[in-house]
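J.: 3D, please:
(one chain, ligands or ions: 2)
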Amino acid sequence: MQSLSALYDNAALRELEKRACAEPDIDDTTLMRRAGQAAWRCLLEHWPNARRIVVLAGPGNNGGDGWVLARHARDSGLDVCVVHPSSMPPRTPLAMRMAGEYADAGGRAEAFSGVLPVAEVIVDALFGIGLDRAPEGETASMIAAANAASSPILALDVPSGIDSERGAVPGVAIFAAHTIQFIAAHIGLATGAALDHVGSRSLSTLDAPAACFDGFAPKAEVAASPRFPRRARDSHKGRHGHVLAIGGEHGYGGAILIAAESALRGGAGLVSVATRAEHVAALLTRRPEAMGHAVEVAVDLQPLLEHADALALGPGLGRGEWSHGLFEAALASGKPCVVDADALNLLAAAPRPLPGAVLTPHPGEAARLLGSDTASVQRDRYAAAEAIAARYGGAVVLKGAGSVIAAPGRTSRVLAVGNPGMASGGMGDALSGVIASLLAQGAAPFEAASAGAWLHGRAGDLAARDGEAGLLAGDLIGHLRAAIAECTA
Ligand SMILES: NC(=O)C1=CN([C@@H]2O[C@H](COP(=O)(O)OP(=O)(O)OC[C@H]3O[C@@H](n4cnc5c(N)ncnc54)[C@H](O)[C@@H]3O)[C@@H](O)[C@H]2O)[C@@H](O)CC1
Ligand SMILES: [K+]
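T.: Ligands and ions are numbered 1, 2, ... in the order given. The predicted model follows:
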């Protein structure tokens, strides 16, 4: 059974459509009729009292779906107007046929004249998976007019203007209240800039037979909540792993304190911190459960490394001589390791394969790891995360709205938890801590990355019940225990 969690790219969607059409009793007309009808039902479900609707119909088959919906709405007695770009009448045979049927039934349609008729709901059927460039001219004006109207927008398949494969918004795009996707969920609607445009989401499979999906692995999956076993009654701290957090250059003590506290709340049995001497007292005052060690030269790190099960390397580490020495000593230990913040910048400057590591870049750090730029990373977040995983060999969490988790040979995952309140200093340090905690408890890098990122997002959502703006990393850490408890059998 298809769900919103299995995400497909456009080539897969077109192949799935072809396979469905090869089945007896299904052809492309049937599928389009089903799409338009499913969209009509969706509109009724969300806006049962709407009397006037406007359908924006583009030149391709996305427009075709819109013409079918318009026909249903009209047959049900609603006041319907289809608006199409004056320079782009229906172009595909299917869209032309559906527009013809609507006209034959006496439906009202007009070319866009600069303003949209008043409506309680606007249906967006301008562009779907066939969008191949940023909308401009008349279609850009139609999108702007729809967004400026106070009515909610129902997007068919994809909010027009969204790159349905990558999550990027190359120009102007529809802000939908709801998006109904057809056949299977689109990979590009789950991450990045697209998230502000899709609204709530649903999926209609158009009754494509399950056999069509045979041998078709999704391109990515929405990360599921992790499952943790209940702790044994005779458990002791030695069984739950020892994290060593390394960082906190002069003037940057807060980051490493946050990472250490998060590692403790992530369930690690023991947490040690290797940092500059001046931060040790602050750490012990705030979190006496952690063990603080003043490390002024890299050689002092060796005994601490020997006792650690996993490392959180990078929060507040800096990029100077001290930082460099600790970075090299930590990686040379070969311990499972979260590489974050300044450690990512040091890694970008001296790349090497790190198969046992979890890299947690934000888009700017990802760009440095790839020798590219932030805009290119954000244009295709899946490709960027997968390229980092391929280059460095470990698991990767590319942070940002819809964090992407990738590793060589694994189907990428994308987070559906988390919120914009988490855009504040220290959140990344908290993520490092919780992932390191799971590594220390024995999770493999990809599972630690996925489960840790999920717990971090879920704890952020629990904390955001009191509001998003002003949400601090410390607030999130305070909810990690509850998030873990929810996932414990
Ligand atoms: N693939 C499927 O499984 C199904 C697809 N259906 C619908 O068909 C859609 C795909 O149809 P199409 O392939 O015809 O593609 P679209 O209808 O998404 O758009 C393609 C048309 O728009 C033009 N175009 C693209 N970007 C433009 C831009 N920025 N400015 C101006 N013109 C632009 C293209 O040249 C082409 O003429 C889906 O999104 C869905 O709504 C459904 O009817 C049924 C099942
Ligand atoms: K659309």
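
J.: The helix or strand hosting Ile53 vs ligand 2: in contact?
T.: Here Ile53 sits within strand 52-57, counting by DSSP states H and E. No: using C-beta under 5 Å from the ion, strand 52-57 stays clear of ligand 2, with a minimum separation of 8.0 Å. Backbone N, C-alpha and C define where each C-beta goes, glycine included.

J.: what's next to that strand, contact-wise?
T.: Strand 52-57 is contacted by residues 43, 63, 66-67, 69-70, 73, 78-84, 90, 95, 99, 109, 116-126, 142, 146, 151, 160 when judged by C-beta atoms under 8 Å, 6 or more residues apart in numbering.

J.: Neighbouring strands - and their directions - for that strand?
T.: strand 79-84 (parallel), strand 121-125 (parallel) (DSSP bridges).

J.: Test my guess that Asn62 contacts Thr139.
T.: No: in this structure, Asn62 is not within contact of Thr139 by C-beta atoms under 8 Å, at 11.8 Å.

J.: of these two, who's got more company?
T.: Ranked by neighbour count (other C-beta atoms under 10 Å), Asn62 and Thr139 place Asn62 first, with 28 against 25.

J.: Now do the same for Ser424: helix, strand or coil?
T.: Following DSSP: H, G, I helix; E, B strand; the rest coil, we place Ser424 in the coil state.

J.: Can you name the residues of the stretch 201-350 of the chain sitting close to ligand 2?
T.: Contact residues, the stretch 201-350 of the chain versus ligand 2 (C-beta under 5 Å from the ion): none.

J.: quick one: terminal-to-terminal distance for stretch 406-425?
T.: End-to-end distance for stretch 406-425, by C-alpha to C-alpha, to the nearest Å: 24 Å.

J.: Touching the helix or strand of the chain with the lowest mean pLDDT from outside, list them.
T.: Of the helices and strands making up the chain, the lowest-confidence element is helix 10-22, at a mean of 92, by mean pLDDT, DSSP states H and E. Outside helix 10-22, the residues within contact range by C-beta under 8 Å, 6+ apart are 8, 26-28, 31, 129, 164-165, 183-184, 186, 206, 208-209, 211-213, 216, 218-219.

J.: ok, of those, which come out buried?
T.: Among the contacts of helix 10-22, those classed as buried by 16 or more other C-beta atoms under 10 Å are 8, 26, 28, 31, 129, 164-165, 183-184, 186, 206, 208, 212-213, 218-219.

J.: For the residues you listed, which two are the farthest from each other?
T.: Ile26 and Glu165 (24.8 Å; C-beta to C-beta).

J.: From the contact counts, what lies against the strand or helix carrying Glu138?
T.: Secondary structure from DSSP H and E places Glu138 in helix 137-148. If you count contacts as 3 or more C-beta pairs under 8 Å, 6 or more residues apart in numbering; DSSP states H and E, helix 137-148 packs onto no helix or strand.

J.: again, only using 10 Å
T.: Counting contacts by 3 or more C-beta pairs under 10 Å, 6 or more residues apart in numbering; DSSP states H and E, helix 137-148 is packed against strand 52-57, strand 79-84, strand 121-125, strand 153-156.

J.: closest to ligand 1 out of those?
T.: strand 153-156 (5.5 Å; C-beta to the nearest ligand atom).

J.: Okay, buried residues for that closest one please.
T.: The neighbour-count check on strand 153-156 (16+ other C-beta under 10 Å) flags Ile153, Leu154, Ala155, Leu156 as buried.

J.: got the contact list for the first one?
T.: What that stands for is Ile153. Shown in contact with Ile153 (C-beta atoms under 10 Å, 6 or more residues apart in numbering): 54, 56, 121-124, 143, 146-147, 159-160, 174-179, 197, 199.

J.: give me that answer again for 8 Å
T.: Residues Val121, Ile122, Val123, Asp124, Ala146, Asn147, Pro159, Ile174, Phe175, Ala176, Ala177, Gly199 are the ones in contact with Ile153 under the rule C-beta under 8 Å, 6+ apart.

J.: contacts for stretch 204-211?
T.: Residues from elsewhere that reach stretch 204-211 (C-beta under 8 Å, 6+ apart): 1-2, 16-17, 19-20, 23, 26, 31, 34-35, 38-39, 42, 180-184.

J.: Contact partners for the residue most central in space within the chain?
T.: Taking C-alpha atoms, centre = their mean, the centroid of the chain lies closest to Gly402, which sits 1.7 Å from it. Counting by C-beta under 8 Å, 6+ apart, Gly402 makes contact with Gly167, Ala190, Thr191, Gly192, Ala194, Leu195, Arg381, Val414, Leu415, Ala416.

J.: What helices and strands are in contact with the helix or strand containing Ser432?
T.: Here Ser432, judged by DSSP H and E, is contained in helix 427-440. Helix 427-440 sits against strand 242-246, helix 253-265, strand 310-313, strand 337-339, helix 341-349, helix 445-463, helix 473-486, with contacts defined as 3+ C-beta pairs under 8 Å, 6+ apart.

J.: Put the alpha carbons of it into PDB.
T.: Extracted in PDB, the C-alpha atoms of helix 427-440 (Å, rounded to 0.1, in the frame of the first residue of the first chain):
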ATOM      1  CA  MET A 427      20.500  23.500  18.100                       C
ATOM      2  CA  GLY A 428      23.200  21.900  16.000                       C
ATOM      3  CA  ASP A 429      25.300  21.200  19.100                       C
ATOM      4  CA  ALA A 430      22.300  19.500  20.700                       C
ATOM      5  CA  LEU A 431      22.000  17.300  17.600                       C
ATOM      6  CA  SER A 432      25.700  16.300  17.800                       C
ATOM      7  CA  GLY A 433      25.200  15.300  21.400                       C
ATOM      8  CA  VAL A 434      22.200  13.100  20.800                       C
ATOM      9  CA  ILE A 435      23.600  11.300  17.800                       C
ATOM     10  CA  ALA A 436      26.900  10.700  19.700                       C
ATOM     11  CA  SER A 437      24.900   9.300  22.500                       C
ATOM     12  CA  LEU A 438      23.200   6.800  20.200                       C
ATOM     13  CA  LEU A 439      26.600   5.900  18.600                       C
ATOM     14  CA  ALA A 440      28.000   5.200  22.100                       C
END
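
J.: pLDDT on that helix, on average?
T.: The pLDDT scores in helix 427-440 average 98.

J.: How about the residue nearest to the centre of the chain: what's its closest non-neighbour residue?
T.: Excluding the flanking residues, the one nearest Gly402 by C-beta to C-beta, 6 or more residues apart in numbering is Thr191, at 3.0 Å.

J.: Near the one you found, how many other residues are there?
T.: Neighbour count for Thr191, taken as other C-beta under 10 Å: 28.

J.: Verify the contact between it and Lys399 for me.
T.: No: the criterion here is C-beta under 8 Å, and Thr191 misses it with Lys399 at 11.0 Å.

J.: that older thread, so the residue nearest to the centre of the chain: helix, strand or coil?
T.: At Gly402 the chain is in coil, as set by three-state DSSP.

J.: for it, phi and psi?
T.: Main-chain dihedrals, Gly402, degrees, to the nearest 10: phi 70, psi 60.

J.: Residue of the stretch 201-350 of the chain closest to ligand 1, please.
T.: Nearest residue of the stretch 201-350 of the chain to ligand 1, counting by C-beta to the nearest ligand atom: Leu206, 6.1 Å away.

J.: Many thanks, we can stop here.
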